[in-house]
Structure formats: C-alpha cells, structure tokens
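S.K.: A predicted structure for the sequence below; I have some questions about it.
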Amino acid sequence: MTNFFIGMFLSALIVTLLTTRLYRLLFWYGLNSLFLGLAAIAEASYLGDREMMISGSITILLKAFAIPYILKIYAKRFAIERNITPSIRIQYSIILIPAILVFTFYLIDPLLHQSAKNFISISIASLLLSLLLIVEHRNIFAKVVGFLMMENSLFLLAMTATEGMPMLIELGIFFDLLMAVIIINLLLQREANNA
C-alpha cells in the first residue's frame, strides 16, 4: 500500500508542475500532502511505529487541509492573480520531467544497495521537481508551493531512508511550516501597503 501512495504522491507533484491556475496548484499540493500522510500511516502500521503514525496524521491535517485553505484565503484577501503561467513551456516541461526522473534513478542506483532505494530515488527526484516548480514560476504563491513540496520530499526521504525521524524533530518542522505561512502573510501585507 505504501508503494501506491508514494506513486500517487509523485503523480500529484508532476501534475502540479503542469498546472496554470492558482487554486488548482493549491489543490494538487493538498493532494500531494494527503498521499504523503497516507504513505506515512501505511508504513507506520507495517513497522508498528506509533510516532510515524502521529506524524502522518498531523501531515494530513496540517499540510493537506489547513495550509492550502490558509493560502487560498491569502490569495483572495490580496487579490492574487489566478493565472500562473510557468516561464518554461509545458511541452518542454513534459520532456524535462521524465529526464529528471530517469537521471535520478541512474544516479542513485550504484550508490545504494538497500531495499528502499526506489523510494529514495523518488524522494530526490521530487526534490528536483519541486526546485523546478520554484524556478519556472514568477508568482510568489507558486514559489511558496514549490518550497512546501520540497519540504514534503524531505519528509518522504526521512521516512524511507531512516524509517522516520524522532517525533520532536518532526513537530519542530511542522511548527516551522506554520511560522513560514505567517511570514508569507506579513510579506503579502507589506507588498499590499507598498503598492
């Protein structure tokens, strides 16, 4: 079941790269986070790890529902333009995405000889794809979603490579995410006051 959820996690990230509307971008980010949380819960039930199950549940509540909802409220409040055309054309992105995936699998293959190397390859590919999302957009919300997806990829890497981080570290990361969302609100207010 973990394989299915991680596959859906990667699929949601790829669709996010091809999205040109703001609300759909937030929707796909929420779906990406939902599959990440479900993968963590499935892996936790397989390993019998209670802390990872709590982290997966918090991921679903915070990243799949709360953060996209808060960002949507910010977008409405500050009248952010909903059309977010990427600077890289979609046909070039369609060529670039599989190239990044294949490159990552060939890069990781000789380095790792453990059973989770496919998951680690997907995590690193997700990091690179999130970086592509940040680079290809000029809209601040797309860059924020790229940053949040990069954090999701790091969570997946920690979950698959180390079978989960200590609960205290994961709670600290969740708190940092909430602080980042508050800082984004302050930056948008400052932009609106200067305009």
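M.R.: Perfect, I can see it now.

S.K.: ok now stretch 8-18, how far from the chain's centre?
M.R.: Taking the mean of its C-alpha atoms, stretch 8-18 sits 9 Å from the chain's own mean (C-alpha atoms, centre = their mean, to the nearest Å).

S.K.: Buried residues, it. List them.
M.R.: Across stretch 8-18, burial judged by 16 or more other C-beta atoms under 10 Å covers 8-10, 12-14, 16-17. C-beta here means a position set from N, CA and C on the backbone, and glycine is covered the same way.

S.K.: Distance to residue 116 and secondary structure added to these, as a markdown table?
M.R.: Formatted as a markdown table, the buried residues of stretch 8-18 follow (distance: C-beta to C-beta, whole Å; DSSP: H, G, I helix; E, B strand; the rest coil):
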| residue | distance to residue 116 | secondary structure |
| --- | --- | --- |
| 8 | 18 | helix |
| 9 | 15 | helix |
| 10 | 15 | helix |
| 12 | 21 | helix |
| 13 | 19 | helix |
| 14 | 21 | helix |
| 16 | 24 | helix |
| 17 | 25 | helix |
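
S.K.: Walking through the protein, point out its helices one by one.
M.R.: 2-17, 22-47, 50-59, 67-77, 90-108, 117-136, 140-162, 167-194 (DSSP state H).

S.K.: will you turn those helices into JSON lines that also has distance to residue 83?
M.R.: Output for the helices of the chain, formatted as JSON lines (distance: least, C-beta to C-beta, whole Å):
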{"stretch": "helix 2-17", "distance to residue 83": "16"}
{"stretch": "helix 22-47", "distance to residue 83": "8"}
{"stretch": "helix 50-59", "distance to residue 83": "30"}
{"stretch": "helix 67-77", "distance to residue 83": "12"}
{"stretch": "helix 90-108", "distance to residue 83": "14"}
{"stretch": "helix 117-136", "distance to residue 83": "15"}
{"stretch": "helix 140-162", "distance to residue 83": "11"}
{"stretch": "helix 167-194", "distance to residue 83": "18"}
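
S.K.: lowest-confidence stretch among those helices?
M.R.: Among these, helix 167-194 carries the lowest mean pLDDT, a mean of 70.
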